[in-house]
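> From the sequence below, what's the structure:
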Amino acid sequence: MSEEVSWKKIEGVYTAHLLIETSEGFRHLSEDEDIAYIMYYAEKKRRKPRLFRRAGEKVECVARLYYPFIVKKLRDNQVVIFDPKKGKGLTLKYNLIEKDKLDDLVEELTGFREKEFLDRMINLERKFKDIVEGRELVKPKTVTINNIVVNRTILNNFKIVFNRSINYVFPGVKLTINEIPVEQYISELNTVIDEIAEIIGYLNSLVTKLNKYVSDWKADVSAAYGERIRELDARLEVVKKEVFSRIEELKTRREEEIKEIRDRENPVIRDIENR
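Numbering: from 1, shown residues only. Alright, predicted model coming up:
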């Protein structure tokens, strides 16, 4: 939707609407350049273009129109910039997790003990892999925010004016401004942020829950097989000492072999030194 409106009627925070892109960045048009563009704009609107049309076209080649950039606060110190003159924007794609189904799988762990619990944990790990890769238990969601500025060069060049309000009013001149649903876009962006934050919080709670289930399982296993585990630990210590003893024995033999070699070579070395 678009209508003829005066700059005085536009509410919000805007950058200057006529700029030239140079090697150093963007600069405001001079007074002469402003007048030249107004002449071009007025001539372009005529049904039968006259003298100034050709000169105005040359001005259009160097003038970059970014009017008006609308700056809206999003979260904390973040801001989002909208350009009503450009329809394309940002498309966000992410997966919502089917939490009810995943909760059921996690709660099933409480009904299993010993090796069956371990098998279920392995199956759950595979299920999480499918979730990460978007194959199961997810609902793909796509949100498109039109008119949002994503050009990194433009964003960097306009950082200095984010907190300023600049209004240009040309006597007798009206510029066409496309009205865009900025508040709706901000609401949609906030929804995306909230949904992703909720997913992260949910996954953190799952980690806490799974840690508890695993700890409970370890306690059950220790209680059921405590004596057997202690016997295995004792046997393991004996075997470990035997292995270490063999290693030490092997090291001692190698050291003795090296010593014999050195002893055999020493006379030869002394003979060479004596010569």
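
> Would you map the strands across the stretch 51-200 of the chain?
64-65, 70-73, 79-82, 90-97, 138-145, 175-178 (DSSP state E, counting those that start in this stretch).

> weakest of these by average pLDDT?
For those, the weakest mean pLDDT is recorded on strand 64-65, namely a mean of 38.

> ok, and the closest non-adjacent residue to Ile199?
What sits nearest to Ile199 in space, not counting adjacent residues and going by C-beta to C-beta, 6 or more residues apart in numbering, is Ile97, at 5.8 Å. Yep, even glycine has a C-beta here, placed from its N, CA and C like the rest.

> In contact with the one you found, which residues?
With contact set as C-beta atoms under 8 Å, 6 or more residues apart in numbering, Ile97 has these partners: 131, 137-138, 199, 202-203.

> among those residues, which ones are buried?
Among the contacts of Ile97, those buried by neighbour count (16 or more other C-beta atoms under 10 Å) are 131, 137-138.

> List just the nearest of those to Leu189.
Sorting these by how near they are to Leu189, with C-beta to C-beta, puts Val138 at the top with 21.2 Å.

> Just the contacts of Ile97: which are in helices?
Within the contacts of Ile97, membership in helices is found for 131, 199, 202-203, as judged by DSSP state H.

> what two of the residues you listed have the greatest distance between them?
Largest separation among the ones in helices among the contacts of Ile97 by C-beta to C-beta: Ile131 and Tyr202, giving 11.7 Å.

> related to what we said a few turns ago, now render the ones in helices among the contacts of Ile97 as JSON lines, adding pLDDT.
What follows is the ones in helices among the contacts of Ile97, written out as JSON lines (pLDDT from 0 to 100):
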{"residue": "Ile131", "pLDDT": "85"}
{"residue": "Ile199", "pLDDT": "87"}
{"residue": "Tyr202", "pLDDT": "87"}
{"residue": "Leu203", "pLDDT": "88"}
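
> Now render the residues you listed as JSON lines, adding distance to Gly89.
Shown next, in JSON lines, are those (distance: C-beta to C-beta, whole Å):
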{"residue": "Ile131", "distance to Gly89": "29"}
{"residue": "Ile199", "distance to Gly89": "23"}
{"residue": "Tyr202", "distance to Gly89": "29"}
{"residue": "Leu203", "distance to Gly89": "29"}
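
> Nearest to Leu74 among those?
Ile199 (18.9 Å).

> you'd agree that closest one is up against Glu98?
No - Ile199 is beyond contact range of Glu98, at 11.3 Å (criterion: C-beta atoms under 8 Å).

> residues bridging contact with the two, i.e. touching both?
Here Ile199 and Glu98 share no contacting residue, scored by C-beta under 8 Å, 6+ apart.

> lowest average confidence, helix or strand, in the protein?
Across the helices and strands of the chain, mean confidence by mean pLDDT, DSSP states H and E is lowest for strand 2-5: a mean of 34.

> those helices in the protein, which residues are they?
31-45, 52-62, 99-107, 114-132, 152-157, 182-274.

> Since that was my last question, I'll sign off now.
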